[in-house]
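> The sequence isn't on hand, but the structure is:
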Ligand code: TRP
């Protein structure tokens, strides 16, 4: 894991298209909690990015903005130590995106592996919205807009950071100065948590466990988890690779030694899926119960949460405007606001 430097500036974001889930927690929310108070940190609710593939249902995006903020508070993000901001209220980011688009080619955007996979998953075929193809440039604006140096993400986002750094280097060459810093990813030990069926955990696939799942939902989802289809009797040896229950135990069970022993026992034979799933159910309930409670509290103070979001956005607006001023100068654009 990349070590934290005292001068690091952290930014990461989420598309508001549904409730956050354990995949987000394992991939990046847990890191954000650990970084809280140790450096400047901004969480961006990326509603403009969400629109790039939801333009036909904008209400869906709008309705989830506050939900994501509530989820942040539920996992323990503290707005006095972490800035929460809303992307569409930061016009400097849109202008930065416009400028950055001059520094990337369409071919490069089409080669971005994450964009390619998403185009496939969404079945866009030849009808890719231009805004969607270009969202890596907008994400570069998000990251550079606060001069972020460290970005906690799941491994699907690595191509975005690579493209961001390419843009940063071009800007710096243009300015003939270190105008913007390059960023590094911060990955967790579980940068990609599988969904309960073994595919990637995703809201759209419906295979993820939400951060506010009820005990009943946790039980149902854990019991439906994919294990080893050839492990039919308790005494049979079982496979650990590709076994979703072990993936979750490794991600969330605080007792790593016990999990290693269970793995060994499972592989030898003599450990049943039911016992294993019961353990996981307990682990997840312990993790999620305090989030569920904090979420209920936050729900009761929606107006306060809205204020938190507005304040965080105002702070971020000033930061992003200062970066835009620098980048505009690098492009030799005039400044009519000063004589
Ligand atoms: N693309 C990210 C995702 O789908 C969300 C995101 C938007 C983001 N802006 C960001 C992540 C900036 C890191 C940095 O999860």
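The structure has been received and is ready for your questions. Just so it is clear, the structure is predicted and the values come from calculations on it, not from any experiment.

> How far off centre is whichever strand or helix holds residue 71?
In the assignment (DSSP states H and E), residue 71 maps to helix 58-75. Computed by Cα atoms, centre = their mean, to the nearest Å, the chain-centroid distance of helix 58-75 equals 13 Å.

> Any residue of it touching the ligand?
No. Taking Cβ under 6 Å from any ligand atom as the criterion, helix 58-75 and the ligand are apart, separated by no less than 10.6 Å. For the C-beta atoms, the positions are set from N, CA and C on the backbone; glycine is no exception.

> what's that helix packed up against?
On a contact count with 3 or more Cβ pairs under 8 Å, 6 or more residues apart in numbering; DSSP states H and E, helix 58-75 meets strand 40-45, helix 47-51, strand 83-86, helix 273-300, helix 302-330.

> try 6 Å
Applying 3 or more Cβ pairs under 6 Å, 6 or more residues apart in numbering; DSSP states H and E, one finds that helix 58-75 makes contact with helix 47-51, helix 273-300.

> which residues are contacting it?
14, 16-17, 20, 29, 45, 47, 50-51, 54, 84, 211, 291, 294-295, 298, 305, 309 (Cβ atoms under 6 Å, 6 or more residues apart in numbering).

> Now with 7 Å, please.
Outside helix 58-75, the residues that touch it by Cβ atoms under 7 Å, 6 or more residues apart in numbering are 14, 16-20, 25, 29, 33, 43, 45, 47, 50-51, 54, 84, 86, 211-212, 291, 294-295, 298-299, 302, 305-306, 309.

> And for stretch 288-296?
Residues outside stretch 288-296 that contact it (Cβ under 7 Å, 6+ apart) are 70, 73-76, 211-213, 218.

> Helix, strand or coil: sort out the closest residue to the ligand within the chain for me.
Nearest residue of the chain to the ligand: residue 13, at 3.1 Å (Cβ to the nearest ligand atom). On the three-state scheme (DSSP: H, G, I helix; E, B strand; the rest coil), residue 13 is labelled strand.

> Filter the contacts of helix 58-75 down to the buried ones.
With burial judged by 16 or more other Cβ atoms under 10 Å, the buried subset of the contacts of helix 58-75 is 14, 16-20, 25, 29, 33, 43, 45, 47, 50-51, 54, 84, 86, 211-212, 291, 294-295, 298, 305, 309.

> Name all residues that make contact with the spatially closest residue to the residue of the chain closest to the ligand that is not a sequence neighbour.
Once flanking residues are discounted, residue 13 sits nearest to residue 44: 3.7 Å by Cβ to Cβ, 6 or more residues apart in numbering. Going by Cβ under 7 Å, 6+ apart, residue 44 touches 11, 13, 85, 87, 142.

> could you give the angle of the helix holding residue 71 to helix 273-300?
Using axes from the mean of the first three to the mean of the last three Cα atoms, to 10 degrees, the direction of helix 58-75 lies 100 degrees away from that of helix 273-300.

> Can you give me the buried ones in helix 58-75?
Within helix 58-75, the residues scored as buried using 16+ other Cβ under 10 Å are 61, 64-75.

> likewise stretch 93-109?
For stretch 93-109, by 16+ other Cβ under 10 Å, it's 93, 95-97, 99-101, 103-104, 109.

> need those in JSON lines with secondary structure, distance to residue 331 and pLDDT, can you?
As requested, these are exported to JSON lines (DSSP: H, G, I helix; E, B strand; the rest coil; distance: Cβ to Cβ, whole Å; pLDDT from 0 to 100):
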{"residue": "93", "secondary structure": "helix", "distance to residue 331": "16", "pLDDT": "98"}
{"residue": "95", "secondary structure": "helix", "distance to residue 331": "11", "pLDDT": "98"}
{"residue": "96", "secondary structure": "helix", "distance to residue 331": "11", "pLDDT": "98"}
{"residue": "97", "secondary structure": "helix", "distance to residue 331": "13", "pLDDT": "98"}
{"residue": "99", "secondary structure": "helix", "distance to residue 331": "6", "pLDDT": "98"}
{"residue": "100", "secondary structure": "helix", "distance to residue 331": "10", "pLDDT": "98"}
{"residue": "101", "secondary structure": "helix", "distance to residue 331": "12", "pLDDT": "98"}
{"residue": "103", "secondary structure": "helix", "distance to residue 331": "10", "pLDDT": "97"}
{"residue": "104", "secondary structure": "coil", "distance to residue 331": "15", "pLDDT": "97"}
{"residue": "109", "secondary structure": "helix", "distance to residue 331": "20", "pLDDT": "97"}
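
> which pair in those residues spans the largest distance?
Pairwise distances across these (Cβ to Cβ) peak at 19.0 Å, for the pair 95 and 109.

> any idea how far residue 314 is from residue 85?
9 Å (Cβ to Cβ, to the nearest Å).

> higher neighbour count, those two?
residue 85 (28 against 13; other Cβ atoms under 10 Å).

> in the sheet, who's paired with that one?
residue 44 (DSSP bridges).

> thought it was touching residue 41?
No. Using Cβ atoms under 7 Å, residue 85 is not in contact with residue 41, being 11.1 Å away.

> what about this structure, any weak spots by pLDDT?
Along the chain, segments meeting pLDDT under 70 span 1-2.

> Can you tell me which residues in it are near the ligand?
Residues of the chain lying near the ligand (Cβ under 6 Å from any ligand atom): 11-15, 44, 46, 49, 139, 142-143, 151, 153, 157.

> What separation do you get for the residue nearest to residue 13 and residue 171?
From residue 44 to residue 171 the distance is 20 Å (Cβ to Cβ).
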